[in-house]
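Engineer: structure for the following, please:
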Amino acid sequence: METGTAGSRTYRVTVRGRFQGLTDAAQAHLRAHLAEHDVFLSRFSAEGSLSYDHRLDFFNLRYEVRLGDGGGTERVAEVALTEATAFLRTLRLGHGELRGEVMDLQAMTDHRRARRRAR
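Structural biologist: Down below sits the predicted model:
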């Protein structure tokens, strides 16, 4: 995952998708590791955190992305989607279209500070 230096911003990205065309071996692997991928254990990290349930239908990957100023949320989503695609390909997990939802942590902090000052 890309990292910035001074002036970088931290984003949290949730990549959502749906499993498709899973082989029997892939299904067996996912079921064997189901407890490790519970949504309550997932976290945002540079490596990503995969969560899914016993139905093996939908999944989430959570990423923390750090980019220099000017990266913008479109660039952040692109970075996370590229990482998610590579991750799923490496594990040979078939999937449909991926969607990325970006949260800018600095913007959240700025918003909270502005609300406190407005009181």
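
Engineer: tell me what the lengthiest helix in the chain is packed against?
Structural biologist: In the chain, assigned by DSSP state H, the helix with the most residues is helix 72-90. Applying 3 or more C-beta pairs under 8 Å, 6 or more residues apart in numbering; DSSP states H and E, we find helix 72-90 packed against strand 8-18, strand 58-68, strand 99-104. For glycine as for every other residue, the C-beta is placed from the backbone atoms N, C-alpha and C.

Engineer: lowest-confidence helix or strand of this protein?
Structural biologist: helix 105-118 (a mean of 61; mean pLDDT, DSSP states H and E).

Engineer: of the helices and strands packed on helix 72-90, which is nearest residue 25?
Structural biologist: Closest to residue 25 of the helices and strands packed on helix 72-90, according to C-beta to C-beta: strand 58-68, at 17.2 Å.

Engineer: just want the angle from the closest one to strand 99-104.
Structural biologist: Relative orientation of strand 58-68 and strand 99-104, computed by axes from the mean of the first three to the mean of the last three C-alpha atoms, to 10 degrees: 40 degrees.

Engineer: give me the local confidence score for the residue most central in space within the chain.
Structural biologist: The residue lying closest to the centre of the chain (C-alpha atoms, centre = their mean) is residue 62, at 2.6 Å. Per-residue pLDDT puts residue 62 at 98.

Engineer: neighbours of residue 20, just the number please.
Structural biologist: If you count neighbours by other C-beta atoms under 10 Å, residue 20 ends up with 11.
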